[in-house]
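Peer 1: Build me a model from this:
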Amino acid sequence: MKKDGTVWVIETKGGETKGKDKNIDIQIENKFNAFKNYAAEHSLHWGFVRDKDNQLYINNTEFAHDMSDDHWVPLSQEF
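Peer 2: You can find the predicted model right below:
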């Protein structure tokens with residue numbers, strides 16, 4: 001829950017370290033899209049959170065495997 005009372009549902013996945021993918025979930029993109037659709041149907045705030053070189057990033061727009069993609073934004077921007 002954010003300070004303003006907004007409740008978020010977060011899914012965490014493995015990220016990247018020095019460009020090496022740490023995610024072991026081969027269904028990550030399918031889960032992202034299912035979560036996105038579910039959140040839209042139920043008016044939920046949501047996001048996938050992954051780490052990149054010890055920094056947390058969130059994405060709730062369009063899935064991208066590559067964490068340097070602009071859809072992955074620092075968690076601190078949202079929270």
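Peer 1: can you tell me which strand in this protein is longest?
Peer 2: The longest strand of the chain (DSSP state E) is strand 45-52.
Peer 1: So which elements touch it?
Peer 2: Counting contacts by 3 or more Cβ pairs under 8 Å, 6 or more residues apart in numbering; DSSP states H and E, strand 45-52 is packed against strand 8-12, strand 16-17, helix 28-41, strand 55-59. Where you see a C-beta, it was placed from the backbone N, CA and C, and this is true even at glycine.
Peer 1: Need the winner for burial among these.
Peer 2: strand 55-59 (a mean of 18; mean count of other Cβ atoms under 10 Å).
Peer 1: Sheet partners, orientation included, of it?
Peer 2: If you go by DSSP bridges, strand 55-59 pairs up with strand 45-52 (antiparallel), strand 73-74 (antiparallel).
Peer 1: from the chain's centre, how far out does the shortest one sit?
Peer 2: So the one you mean is strand 73-74. 9 Å (Cα atoms, centre = their mean, to the nearest Å).
Peer 1: Need the contact partners of it.
Peer 2: Q55, L56, Y57, I58, N59 (Cβ atoms under 8 Å, 6 or more residues apart in numbering).
Peer 1: Tell me who's in contact with the residue nearest to the spatial centre of the chain.
Peer 2: For the chain, F48 is the residue whose C-alpha lies nearest the centre (Cα atoms, centre = their mean; 2.0 Å). Contacts for F48 were tallied using Cβ under 8 Å, 6+ apart; they are I10, E11, T12, K13, I28, F32, F35, I58, N59, N60, F63.
Peer 1: Tell me the bridge partners for G47.
Peer 2: Counting by DSSP bridges, G47 forms beta bridges with I10.
Peer 1: count of neighbours near it?
Peer 2: 23 (other Cβ atoms under 10 Å).
Peer 1: what does L44 give?
Peer 2: L44, neighbours per other Cβ under 10 Å, totals 13.
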